[in-house]
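Q: Need coordinates for the following:
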Amino acid sequence: MSSTLRPFLTWLVLLSLFACPAGAGAKTSTSATLLDHGILASGDGLAGKRINIVRRTTRIPGRQGMAFGILFRLEADSTVPVSYHTVISFRPARGVVTGQPNLRLSRTHRASPGETVGLWHRLDAEQAKLAGQWILRVSCQGRRLLEQSFFVFPE
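A: Model prediction:
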């Protein structure tokens, strides 16, 4: 083996060890189970607190400060914490009046297998005025695990 190829192969082996979720080259199978969905109790969802869903529904009154979301459990065939990705988006994807892109929030999180996790959104004054579909999506390693739609109706 040439002296220039050996460092490259060593680098590839090290990269594969750190890139795999289980750390030993095995791919972890991850799933999510929807436990609840709907309107949150006032003040919930702040500072990483567990959310409290008070009414199970997909129809959300369009009021400033109204919060809605999902409660789900992550499962994996490993005990290693799982990185998962969340997206909160509004449809239509572009504003009817301005043509500008509508809200799309995207974040990466970590949780232990078996942990119950909440994902929520609180409507601001402008969002409460718009009728439309909100989608809360959870994915892992590019695979969609869970998706829940909510429909906001301005009052």
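Q: Give me the buried stretch members for whichever strand or helix holds residue 146, please.
A: Taking DSSP states H and E as the definition, one finds residue 146 inside strand 143-154. Buried residues in strand 143-154, counting neighbours by 16 or more other C-beta atoms under 10 Å, are found at 145-146, 148, 150, 152. Backbone N, C-alpha and C define where each C-beta goes, glycine included.
Q: Need those in a markdown table (columns: pLDDT).
A: A markdown table is the format used below for the buried residues of strand 143-154 (pLDDT from 0 to 100):
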| residue | pLDDT |
| --- | --- |
| 145 | 95 |
| 146 | 95 |
| 148 | 96 |
| 150 | 96 |
| 152 | 94 |
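Q: can you name the two of those residues that are farthest apart?
A: Largest separation among the buried residues of strand 143-154 by C-beta to C-beta: 145 and 152, giving 23.7 Å.
Q: ok, the strand holding residue 146: who's next to it in the sheet?
A: strand 59-62 (parallel), strand 132-140 (antiparallel) (DSSP bridges).
Q: Return the set of buried residues in the last one.
A: Going back to what we said before, that points to strand 132-140. Of the residues in strand 132-140, those buried (16+ other C-beta under 10 Å) are 132, 134, 136-140.
Q: Over to the first one?
A: Within strand 59-62, the residues that count as buried by 16+ other C-beta under 10 Å are 60, 62.
Q: Now do the helices in the chain.
A: In the chain, helices defined by DSSP state H lie at 5-19, 125-128, listed in chain order.
Q: who's in contact with the strand holding residue 146?
A: Strand 143-154 is contacted from outside by 30-34, 37, 58-62, 68, 70, 72, 74, 84, 123, 127-139, using C-beta atoms under 8 Å, 6 or more residues apart in numbering.
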